[in-house]
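Would you be able to build a 3D model of this:
(one chain, ligands or ions: 1)
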Amino acid sequence: MSLYQSYRPRKFSDVVGQDFVKKILANSCKTQTFHHGYIFFWFHGIGKTTLARIFAEAVNCTAITPDGNPCHACDNCVAFDNGKMIDVIEIDAASYTGVDDIREIIEHAKFTPTQGKYKVYIIDEVHMLSKNAFNALLKTLEEPPAHVIFLLATTEIHKVPDTVLSRVIRFDLTKLGEKDIYDLLVKICGQEKIAYEENALRMITHRARGSIRDSLTMLEKCIIDASVTEKNVIDALHLVNTGFLRETFDACMSGDGAAIAHIINTIDDEAIDVRQFATQMTEWIVDHINEAFNKNAFPLYKEIFDLFTRVFVQSRQVSVPMDILRMALYERVKWSLPPVTEKRDTNTLKAIPDEAPIAETPAHSPIPIEEIVSEAIEQKEPTEVPEIIQEVTPVVDEIPAGAAPMMETVEKIDDGVFSPEEFLRRLEKAGIKSTIIPLLKTANIHLDGNTLEIQTTGFCKSKCVEASYYQVLESVAQSFGAQTINIIVPNELQPETSPDEPRAEDLARSLFE
Ligand SMILES: [Zn+2]
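Residues are numbered from 1 along each chain as shown. Next up, the predicted model:
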């Protein structure tokens, strides 16, 4: 027998929560005053049918206890407990296939009970009744025989016709607190001699979302060798730990490509169920929504919530749900390391490391940055770089003044028309290390839509992509409305030049030595 069945309450006081409803029902039993119809409404697993069953047993009990509970000892109670009380008819409208049968059953209400004083109909998920069955129910409720009591339960009260609702006493049950369910789990573990980790029970409680039935079903799945550990819960329910949920959320907020790549790899490697994960993420965000209010960041939280809701829905429609999740997470990446070519590649989904950033060049790059830099380092012949840069780059003045800020989503530090000089001025103001400024002065910098393009030497690029420089570049670029930065090293920057003149690269390098 399952835990849920074993621990099904047999008296009102054993039902978790619902104190007000329990009191009214027990009081009716004590005073033997019954209405001909009741409806219990709330979401699943909260104890609607449990209350209805205790009540159904109690109305026919011939030795009701002083506190209004069934005695479990009289003939009627014994028959009921053994499932042989023919005057209590239980119908699950959701799974009952013969709709006409239900109609007939309800119409039979006019016949007097054979064993007890009352004929009790428990109709679970009553909103699922067919039209004919509802009509039969309504007809009986309009002229109820004195010996009939209807106990209706529903999770969708709005689907129950008003004509029915107006003829029954309605009990809206209340959601159970996590503490109520947690205490129940602790109590059951104690009685069953099951060792438990508190956090494991909390995870189950939280997953149950107010449903006692779900919590007990989950508890049962998580018992291994008479104990419930956090690991058991994670394994049995295919959950990820809350630390990973936080990590995922933070990565989505920051758009950190390396963190997001790590999340994707972990989900892949550990074969985490995508839909379950998406559900956990949405639940986690709802649970932490106060954080959003405190940080005045509700739209961002909602954005990420929507993302995982979309993953949950869309992953149903594809054969590889991981692809949906993967693409959704990629969307969050702020492409902090631009590829050399315009076409983006997922291989660039790496954070800019503090050291050796140029090692992260995308595989399809026509000229790997490390080659360019090493060539530049090894090349002895000096070149006249600044002049050549002018030849290979478009003229800055061609860019219309109004073309700069394209992306409204980018937070701007202030307004202002883009110019290379203004860009450099802001870089200095933003505290970029002054050593890079001379290098950038020789670069061709222009703004194309939401992309800031810097055409420069391999060495300068290798400096620009270092985290300490890049962060400043990025924030200043954003102040002009740029969303991405492309740092380009044109092929033409490795020309044959006079050996007598020093190379700009070498000059620049000397600044750093
Ligand atoms: Zn009894």
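
so what does the host helix or strand of Y469 touch, helix or strand wise?
Secondary structure assigned from DSSP states H and E places Y469 in helix 467-479. With contacts taken as 3 or more CB pairs under 8 Å, 6 or more residues apart in numbering; DSSP states H and E, helix 467-479 sits against helix 420-429, helix 458-464, strand 484-488. Heads up, the C-betas are built off the backbone N, CA and C, glycines and all.

who does the host helix or strand of T248 touch, helix- and strand-wise?
Assigned by DSSP H and E, T248 falls within helix 242-254. For helix 242-254, the packing partners by 3+ CB pairs under 8 Å, 6+ apart come out as helix 257-269, helix 274-287, helix 298-314, helix 321-332.

okay, the angle between it and helix 321-332?
50 degrees (axes from the mean of the first three to the mean of the last three CA atoms, to 10 degrees).

so is I122 in a helix, a strand, or just coil?
strand (DSSP: H, G, I helix; E, B strand; the rest coil).

For it, list the residues it contacts.
Contacts for I122 (CB atoms under 8 Å, 6 or more residues apart in numbering) come out as T49, A52, R53, A56, V88, I89, E90, I91, L151, A153.

what sits opposite the fifth one in the beta ladder?
When you say that, I think you mean V88. Beta bridges link V88 to V120, judged by DSSP bridges.

For the stretch 301-450 of the chain, which residues score under the pLDDT cut-off?
Residues of the stretch 301-450 of the chain meeting the criterion pLDDT under 70: 335-416.

In contact with the residue of the stretch 151-300 of the chain found nearest the ion, which residues?
Scanning the stretch 151-300 of the chain for proximity to the ion using CB to the ion identifies L151 as nearest, at 17.5 Å. Taking CB under 8 Å, 6+ apart, we find L151 in contact with G37, Y38, F40, A52, F55, A56, V120, Y121, I122, I123.

and the first one, what does it touch?
The one in question is G37. Counted by CB under 8 Å, 6+ apart, G37 has contacts L141, P144, I149, F150, L151, L152, R167, V168, I169.

and stretch 217-233, C-alpha only, in PDB?
Taking C-alpha atoms only, stretch 217-233 is exported to PDB below (Å, rounded to 0.1, in the frame of the first residue of the first chain):
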ATOM      1  CA  THR A 217       4.300  10.100  -3.700                       C
ATOM      2  CA  MET A 218       7.600  11.800  -4.100                       C
ATOM      3  CA  LEU A 219       8.700  10.900  -0.600                       C
ATOM      4  CA  GLU A 220       8.100   7.200  -1.400                       C
ATOM      5  CA  LYS A 221      10.200   7.500  -4.600                       C
ATOM      6  CA  CYS A 222      13.100   9.000  -2.600                       C
ATOM      7  CA  ILE A 223      13.400   6.400   0.100                       C
ATOM      8  CA  ILE A 224      16.500   4.200  -0.400                       C
ATOM      9  CA  ASP A 225      17.700   1.900   2.400                       C
ATOM     10  CA  ALA A 226      15.300   3.500   4.800                       C
ATOM     11  CA  SER A 227      16.600   7.000   4.300                       C
ATOM     12  CA  VAL A 228      15.900  10.100   2.400                       C
ATOM     13  CA  THR A 229      18.900  12.100   1.400                       C
ATOM     14  CA  GLU A 230      19.200  15.200  -0.800                       C
ATOM     15  CA  LYS A 231      21.000  13.100  -3.300                       C
ATOM     16  CA  ASN A 232      18.200  10.600  -3.400                       C
ATOM     17  CA  VAL A 233      15.800  13.400  -4.000                       C
END
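
then the helix holding Y469 to PDB, C-alphas only?
Provided in PDB are the C-alpha atoms of helix 467-479 (Å, rounded to 0.1, in the frame of the first residue of the first chain):
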ATOM      1  CA  ALA A 467      39.800  41.700 -19.900                       C
ATOM      2  CA  SER A 468      41.000  44.900 -18.200                       C
ATOM      3  CA  TYR A 469      41.000  46.800 -21.500                       C
ATOM      4  CA  TYR A 470      38.100  45.200 -23.100                       C
ATOM      5  CA  GLN A 471      35.700  46.000 -20.300                       C
ATOM      6  CA  VAL A 472      36.400  49.700 -20.600                       C
ATOM      7  CA  LEU A 473      36.100  49.500 -24.400                       C
ATOM      8  CA  GLU A 474      32.800  47.700 -24.100                       C
ATOM      9  CA  SER A 475      31.300  50.200 -21.700                       C
ATOM     10  CA  VAL A 476      32.400  53.200 -23.700                       C
ATOM     11  CA  ALA A 477      31.200  51.600 -26.900                       C
ATOM     12  CA  GLN A 478      27.800  51.100 -25.300                       C
ATOM     13  CA  SER A 479      27.700  54.700 -24.400                       C
END
